[in-house]
Each structure stands twice: as structure tokens, then as C-alpha cells.
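1. Okay, here's the prediction I keep looking at, along with the sequence it came from:
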Amino acid sequence: MRVEVDYDMCDANGLCVEVAPEIFQLDGDDELHVLVKHPGPDHEEAAESAARACPKLAIALRETD
Ligand code: SF4
């Protein structure tokens, strides 16, 4: 799985950070960073919860081989 963020859509409201702080982080300039770009099995559920929580639909989860 690969995490993609559409930064044009993201308004830095931090909801994904609340749901999955181990994957997403907002810096002091309100820029979102993806800490775990390729979540393994232990992070997949959190990544999916964060994607569902994003009101801007800015988080896409892509399947990888
Ligand atoms: S929940 Fe969506 S809009 Fe909010 S910071 Fe995360 S990616 Fe951006």
C-alpha cells in the first residue's frame, strides 16, 4: 500500500493526524508530512481510518505489488 496526499485538496485541518499520528504529521507551517509512505500490515488500518476521516478526500491509498 502507498499513501498519496493531494496537497491541492488538503487544507491542513489535521484530522488525519488525530486519527493516525504515526503516519501523518503537521509541521509548524501547517504542512502535512507522510511519515509512513508505504504502510505495512501493522499500519494499514490506521491509514484507511485516516483516509476515511479526511473531509477533503485528499488521501488516496494505492495498492502496490
Ligand atoms: S485530514 Fe485531509 S485535509 Fe486534513 S490534514 Fe489530513 S489530508 Fe489534509
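-> On my side now, so go ahead. Residues are numbered from 1 along each chain as shown.
2. which strands and helices sit next to the host helix or strand of residue 47?
-> Using DSSP states H and E, the element containing residue 47 is helix 41-53. Counting contacts by 3 or more C-beta pairs under 8 Å, 6 or more residues apart in numbering; DSSP states H and E, helix 41-53 packs against helix 15-19, strand 59-62. The C-beta positions use only the backbone N, C-alpha and C, and glycine is treated the same way.
3. Just put these in JSON lines and tack on distance to the ligand.
-> As requested, the helices and strands packed on helix 41-53 are exported to JSON lines (distance: least, C-beta to the nearest ligand atom, whole Å):
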{"stretch": "helix 15-19", "distance to the ligand": "3"}
{"stretch": "strand 59-62", "distance to the ligand": "5"}
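4. would you turn the ones you listed into CSV with mean pLDDT and mean neighbour count?
-> Conversion of the helices and strands packed on helix 41-53 to CSV gives the following (pLDDT from 0 to 100; neighbours: other C-beta atoms under 10 Å):
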stretch, mean pLDDT, mean neighbour count
helix 15-19, 98, 19
strand 59-62, 98, 16
